[in-house]
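**Student:** Task: produce atomic coordinates for the following.
(one chain, ligands or ions: 1)
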Amino acid sequence: MPLNKAIMTQIREAARLIIDSKYVTALTGAGVSVESGIRPFRGPGGIWTERGEPPMDGYKRFEEDPKQYWEETLNPDRRSGFGDSITAARPNSGHLAFAELETMGILKSLITQNIDNLHTKAGSRKVLEIHGNRLKLRCVSCGKRFPREGFKITTLPPHCPECDGIVKDDVVMFGEPIPRDVLDACQTEATKSDCMIVAGTSAIVYPAAGLPLIVRNRGGVIIEVNPLESELSKLSDIVVRAQSGESLPALVEAVRKLF
Ligand code: ZN
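**Tutor:** Okay, the predicted model is just below:
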């Protein structure tokens, strides 16, 4: 769908704000991945809409019985196909646009709520995965992360080769604290940022939702890229009302013209 005149005006205004900023960051959510065929959790077509929300005490249950957690994780009958859809997914033009902004030296870091690794696959280098990465495992004791592929599971639960702590999915479960290293890095980035591009997220889930507010409260600007109105819309300086895959390449072009 071609971008209409109103959206092109929004994009040009957003490009101007980006050029006038010194430390641009991005925050992305499920909307950015939908165009790569990754199913959202909530909303129409959502995995949780179809299968029910996962238990709110998931992390507590893991802590109480990590062996059972692993037995459930590895049980093929309980798999939703979500992991396979992530392995097969390719980055879309929205992901590539963010990677390009970073290469141009404009985007300093990208914070994502997505767990699908697609920003990294697209070439983004400074990526902070606030909810973890589906392709990794993490030791709950020392926090070290390991690629899921090739990690040898000889006992259940598997133990950390570094410290012998228990290993789980890197993906943050309900009731699980966001790993301290990532949370600290996100807050540092938001504090440094005078412009944050928020794409494909309704920004209602904390702590991610608090990050644009940090930028805003310190006098920075917010650019929202979202086809739908969100909680953040009224706090944003510019709203680009379009899908990120359609609008972000045009935004990069507009930035390039002013660069
Ligand atoms: Zn460890």
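**Student:** quick one: low-confidence ranges for this protein?
**Tutor:** Residue ranges of the chain with pLDDT under 70: 1, 78-81.
**Student:** Around the ion, which positions in it sit nearby?
**Tutor:** The chain comes close to the ion at residues 139, 141, 142, 160, 162, 163, 165, as judged by Cβ under 5 Å from the ion. Where you see a C-beta, it was placed from the backbone N, CA and C, and this is true even at glycine.
**Student:** The fifth one contacts residue 139, doesn't it?
**Tutor:** Right, residue 162. Yes - counting by Cβ atoms under 8 Å, residue 139 is a contact partner of residue 162 at 6.8 Å.
**Student:** Compare the two (neighbour count), which wins?
**Tutor:** Per other Cβ atoms under 10 Å, whichever of residue 162 and residue 139 has more neighbours is residue 139, with 21 against 12.
**Student:** For that one, grab phi and psi.
**Tutor:** With angles defined as degrees, to the nearest 10, residue 139 sits at phi -80, psi 130.
**Student:** Please, where are all the strands along the stretch 101-250 of the chain?
**Tutor:** Ranges of strands within the stretch 101-250 of the chain are 107-112, 127-129, 136-139, 145-147, 167-169, 195-199, 221-225, 238-240, based on DSSP state E, counting those that start in this stretch.
**Student:** Save those as JSON lines, and put in distance to residue 88 too.
**Tutor:** Shown next, in JSON lines, are those (distance: least, Cβ to Cβ, whole Å):
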{"stretch": "strand 107-112", "distance to residue 88": "19"}
{"stretch": "strand 127-129", "distance to residue 88": "19"}
{"stretch": "strand 136-139", "distance to residue 88": "17"}
{"stretch": "strand 145-147", "distance to residue 88": "17"}
{"stretch": "strand 167-169", "distance to residue 88": "19"}
{"stretch": "strand 195-199", "distance to residue 88": "23"}
{"stretch": "strand 221-225", "distance to residue 88": "25"}
{"stretch": "strand 238-240", "distance to residue 88": "29"}
